[in-house]
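Colleague: Sequence plus the predicted model coming up.
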Amino acid sequence: MKIKEAVFIKSAVNRSHYPSDSRGEVAFSGRSNVGKSSMINCLLGRRGLARISSRPGQTKALNFYRLSQRWYFVDLPGYGYGQVSKELRREWKGMIEEYFENRSQLKLVVLIIDPRRGIAEEEIEFLFWLKLRRIPCLLVATKIDKLTISEKAKAIKAIKQEIEQFSIDLIEFSAKTQEGKDQLWSYLDKALLEDDFS
């Protein structure tokens with residue numbers, strides 16, 4: 001997929017701030033510092049579009065990026081970062097849930113995990129939450145380049161066992177080597193182009 005145009009449109013903290021058009025959207029979710037911004041930049045071929053911070057927990061709103069006048073990528077605030085106050089984490093949770101429950105343009109949620117850490121209980125809970133609401137989800141194991149072949153095989157096998165109950169797909173990805181980029185774009189393209197993605 002070649003993206004001719006990719007631009008940051010706006011940050012939103014509630015429904016009144018969302019883009020008002022009906023373009024399809026893919027939302028990227030994951031723990032703080034898991035590499036959401038790096039993944040978005042890699043997919044779009046724009047090195048500095050999604051801001052990458054050395055300090056986790058810096059994405060404080062839903063950031064909308066418009067692609068070729070056709071779609072949006074939505075970068076969600078990271079979760080699970082201990083130095084963020086409980087009050088702020090509650091605000092983020094409410095903001096994200098409001099988006100998921102009220103955005104008909106949402107075609108797919110990409111849940112990003114670090115395979116070195118495995119899949120955490122809060123991520124399993126999130127998958128249950130999405131399943132109950134019939135929101136399509138794709139799991140992406142990123143930073144895969146940091147594992148040896150044997151480490152990767154072991155980690156991926158364990159993750160697949162954990163997510164078997166959800167019947168969702170898993171893609172291995174690296175923003176550094178671009179492994180999995182074409183496979184991920186193929187999946188996103190299908191999700192965004194089909195009215196009824198399943």
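Modeller: All right, it came through fine.
Colleague: Number of residues surrounding Ser20?
Modeller: 6 (other CB atoms under 10 Å). Every residue, glycine included, has its C-beta placed from N, CA and C.
Colleague: quick check, it in a strand?
Modeller: No: for Ser20, which was evaluated using DSSP: H, G, I helix; E, B strand; the rest coil, the result is coil, with no strand membership.
Colleague: mind checking pLDDT for Asp169?
Modeller: According to the model's per-residue confidence, Asp169 sits at a pLDDT of 95.
Colleague: which SS class is the residue nearest to it when sequence neighbours are not counted?
Modeller: Spatially, and ignoring its direct neighbours in sequence, Asp169 is nearest to Leu138 (5.7 Å; CB to CB, 6 or more residues apart in numbering). Three states are possible here, and by three-state DSSP the one that applies to Leu138 is strand.
Colleague: so who does Leu138 touch?
Modeller: Contacts of Leu138 were listed using CB atoms under 8 Å, 6 or more residues apart in numbering, and they are Leu108, Val109, Val110, Leu111, Ile168, Asp169, Ile171, Tyr187, Ala191.
Colleague: ok, of those residues, which come out buried?
Modeller: With burial judged by 16 or more other CB atoms under 10 Å, the buried subset of these is Leu108, Val109, Val110, Leu111, Ile168, Ile171, Tyr187, Ala191.
Colleague: for the chain, what's the longest helix?
Modeller: When secondary structure is assigned using DSSP state H, the longest helix within the chain turns out to be helix 86-102.
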